[in-house]
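In: Have a look at this fold, sequence not included:
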């Protein structure tokens, strides 16, 4: 099969190179079998491929322009999926990113019930039985894929169970095995995206710059090969426009190099061998794949590998339901792990109806794929904090009072688990709020610690403690045990007069700056006074512009999810969870016209503390202390919180209103 593929791609390369720049190459000469306009250069390339295949074998050819065609006098032995020019626009304009893509396999007659006695009948060109076989096959039946970059001459190929390779022209066709990258973090990733008909999700992804690099090359087959060799970490087309011929060659190459290829919801690609089916596409290394599904998918098909369970432990009925869930998961042979409070409660209480051997502690959040949260909104917020931005959907079971974040009632818990096990569920993605506390201090208050040089931003960073005379010299760390505890990274400006990375001195003329990155908020960040009945003075900025000075008992920065929580009680509006916005809500403001403000979700909000110290409360937990002169900066987090969707938002809202009446 390798020889067939190499002869086809080299014949096409030889035939179309002289056509680059020929004015008639651009002419649309017909509508292809896939329903799209076909240019003259595509037809010529396809005819070259047909002539080449006839010389070497009998086959059924599937191509965008011709559809299905049986080639050769003998009964068809092979199935060939061809894109004669992937990146036609690039080829016509001599942009050096265009390719020939081919995927092929033997037609598996024996696997479909044929034997030597009836095989000739199945193969006979007047008989359609071989087409019946092909109609039952999918892209996963292809055994070899090959893509040649016509501009550079490089050849990529992959073969089932044998790996993927590149033959580089500039290295005298040296054969080199290729593997996907091992990039772990989105912020370090280089991603190719399909440009035609960009969806809102993709545009937001590009605008938010959640990855290090975004590239648009215009050749899906080559971009899949770039992922296969680790030059890109992912290639994404979230529109349902990807066709079989676009990806057949690259699919085998990427799969055999260790890549993961699914649609945008994480469902394995199983596209039929015809020119009409379409699919969305997320292909990446195995580490990043779930992160991209988390960004673009809304109906995940990621089946659970291990459930995490978190529960209220102050209510017996919640604990008993957690025990029932454990028994149910065991009956389904699904593994699970318990959050520490629930683990200790079940392990240490002798009267509970559970074997102690069934209690398994969750040491690492990344060990689980889904989280069951049994309780009320407080339990859901605990689960969100524990998940800490990982792509782990929460299945919230209402055992509390309000339960606005909970998607399922206790009677629906096993139905919800079955939905997830079957992969038949939708995901609702909720925006988190990122918050950083910034402080300007004098250098004589710093006890220097470990120094390192950050080459990316060209500055020295110090990780050390801060002694504040006003706070009785308490050491500020980050475990939240008292108001003075926080962990800062100090960033010193460099004196530009000094030379050499290791020999530079600090410029301390204007003091030093430190910052503390606080936990993400699912609901809200609340700034309140330490002392009862005392007002706080804030200055509010949006995108660097002063909005107003506020004197109030406190201030709330709310996400859309939090709009039905404290923000609502303080007079803020209700927002749908999908709305891209934040709400700034004063708590009991001094001025009558100091009202809540809704700002765009891509805005940066800055709150400057003008007087008094404030407690920083995130989703109900005190996470730090802000002092006079400190600044808090808020923006959309790079991570989301994911919920398995159950009840409708407006159904829950109606219930909330009825209970309020």
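Out: Here it is on my side, so go on. Remember, predicted model here, so these are calculated numbers, not experimental data.

In: Which positions in stretch 291-311 come out as buried?
Out: 291-297, 300-302, 304, 307-311 (16 or more other CB atoms under 10 Å). Every C-beta, even on glycine, is put in place using the N, C-alpha and C of the backbone.

In: just curious, which of these is nearest to residue 615?
Out: Closest approach to residue 615 among those (CB to CB): residue 310, at 25.6 Å.

In: so what's that closest one up against?
Out: Each residue near residue 310 by CB atoms under 8 Å, 6 or more residues apart in numbering is listed here: 338-339, 341-342, 371-375, 379, 382-383, 386.

In: pLDDT averaged over stretch 93-105, what's the number?
Out: Stretch 93-105 shows a mean pLDDT of 88.

In: So which residue is dead centre in the protein?
Out: residue 292 (2.4 Å; CA atoms, centre = their mean).

In: Can you tell me the element that residue falls in?
Out: In this structure, residue 292 is located in helix 289-296 according to DSSP states H and E.

In: rewinding a little: mind checking which of the contacts of residue 310 land in strands?
Out: 338, 371-375 (DSSP state E).

In: before we move on, back to that, any idea how far the residue nearest to the centre of the chain is from residue 264?
Out: Going from residue 292 to residue 264 by CB to CB, to the nearest Å gives 8 Å.

In: Let me know the secondary structure of residue 415.
Out: Three states are possible here, and by DSSP: H, G, I helix; E, B strand; the rest coil the one that applies to residue 415 is helix.

In: which residues sit in contact with it?
Out: For residue 415, the contact set (CB under 8 Å, 6+ apart) comprises residue 408.

In: so where's the stretch 201-350 of the chain uncertain?
Out: Flagging of the stretch 201-350 of the chain using pLDDT under 70 yields the residue ranges 201-202, 207-209, 350.

In: So residue 217, which state does it fall into?
Out: Three-state secondary structure (criterion: three-state DSSP) places residue 217 in coil.

In: Which residue comes closest to it once chain neighbours are left out?
Out: When the adjacent residues along the chain are set aside, residue 217 lies closest to residue 97, with 4.9 Å between them (CB to CB, 6 or more residues apart in numbering).

In: so where is this structure shaky, pLDDT-wise?
Out: Screening the chain residue by residue with the criterion pLDDT under 70, one finds the ranges 21, 74, 110-129, 196-202, 207-209, 350-352, 400-402, 441-513, 658-661.

In: Do me a favour and get the end-to-end distance for stretch 638-650?
Out: Distance between the boundary residues of stretch 638-650 (CA to CA, to the nearest Å) amounts to 27 Å.

In: List the residues that are in contact with both of residue 292 and residue 264.
Out: Shared between the contact lists of residue 292 and residue 264 (criterion: CB under 8 Å, 6+ apart) are residues 236, 282.

In: ok, back up a step: around the residue nearest to residue 217, count how many other residues there are.
Out: Taking other CB atoms under 10 Å as the criterion, the count of residues near residue 97 is 18.

In: isn't it right next to residue 151, touching?
Out: Yes - with contact taken as CB atoms under 8 Å, residue 97 and residue 151 are classed as touching, separated by 6.7 Å.

In: Would you double-check that residue 346 falls in a helix?
Out: Yes - the assignment for residue 346 by three-state DSSP puts it in a helix.

In: Can you tell me how far it is from residue 364?
Out: In this structure, residue 346 lies at 19 Å from residue 364, with CB to CB as the measure.

In: Ok, residue 609 next?
Out: Between residue 609 and residue 364 the computed distance is 37 Å (CB to CB).

In: okay, the two: which has more neighbours?
Out: Of the pair residue 609 and residue 364, residue 609 is the one with more neighbours under other CB under 10 Å, namely 22 against 7.

In: wait, isn't the more buried one in contact with residue 624?
Out: No - here residue 609 does not reach residue 624: they are 11.9 Å apart, not a contact under CB under 8 Å.

In: In contact with residue 615, which residues are there?
Out: Applying CB under 8 Å, 6+ apart, we find residue 615 in contact with 483, 527-530, 622, 624-626.

In: quick revisit: helix, strand, or coil at the residue nearest to residue 217?
Out: coil.

In: Run through the residues that contact it.
Out: Remark: with contacts taken as CB under 8 Å, 6+ apart, residue 97 is in contact with 87, 90, 149, 151, 217-219, 222.

In: Regarding residue 641, what are the backbone dihedral angles?
Out: In this entry, residue 641 is assigned phi and psi values of phi -110, psi 140 (degrees, to the nearest 10).

In: which one among the contacts of residue 615 gets closest to residue 187?
Out: Distance to residue 187, by CB to CB, is smallest for residue 624 among these, at 23.9 Å.

In: And what about residue 525, helix, strand or coil?
Out: The three-state label given to residue 525 by three-state DSSP is strand.

In: Was I right to think it contacts residue 557?
Out: Yes - between residue 525 and residue 557 there is a contact under CB under 8 Å: 4.6 Å.

In: Can you pick out the residue with more neighbours from those two?
Out: A side-by-side neighbour count of residue 525 and residue 557, using other CB under 10 Å, places residue 525 first with 27 against 24.

In: any idea how far that one lies from residue 533?
Out: Shown here: residue 525 relative to residue 533, a distance of 22 Å by CB to CB.

In: now residue 558
Out: Summarising the geometry, the distance separating residue 558 from residue 533, computed by CB to CB, is 23 Å.

In: Distance to residue 106 and neighbour count added to the contacts of residue 97, as TSV?
Out: As requested, the contacts of residue 97 are exported to TSV (distance: CB to CB, whole Å; neighbours: other CB atoms under 10 Å):
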residue	distance to residue 106	neighbour count
87	29	24
90	33	20
149	27	23
151	31	20
217	32	19
218	32	19
219	28	28
222	26	31
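
In: Pipe the residues you listed into JSON lines and attach distance to residue 260 per row.
Out: Written out in JSON lines, the entries for those read as follows (distance: CB to CB, whole Å):
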{"residue": "87", "distance to residue 260": "24"}
{"residue": "90", "distance to residue 260": "27"}
{"residue": "149", "distance to residue 260": "23"}
{"residue": "151", "distance to residue 260": "28"}
{"residue": "217", "distance to residue 260": "20"}
{"residue": "218", "distance to residue 260": "23"}
{"residue": "219", "distance to residue 260": "21"}
{"residue": "222", "distance to residue 260": "19"}
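
In: quick one: the strands in the stretch 501-650 of the chain?
Out: 512-521, 524-529, 536-542, 545-558, 581-589, 597-600, 605-611, 614-618, 621-626, 631-644 (DSSP state E, counting those that start in this stretch).

In: Over to stretch 537-550 now: how far is its first residue from its last?
Out: Between the opening and closing residues of stretch 537-550 there is a gap of 6 Å (CA to CA).

In: Identify the residues contacting that stretch?
Out: With CB under 8 Å, 6+ apart as the contact definition, stretch 537-550 has outside contacts at 527, 551-552, 555, 584, 586, 589, 591, 594, 597, 599, 603-612.
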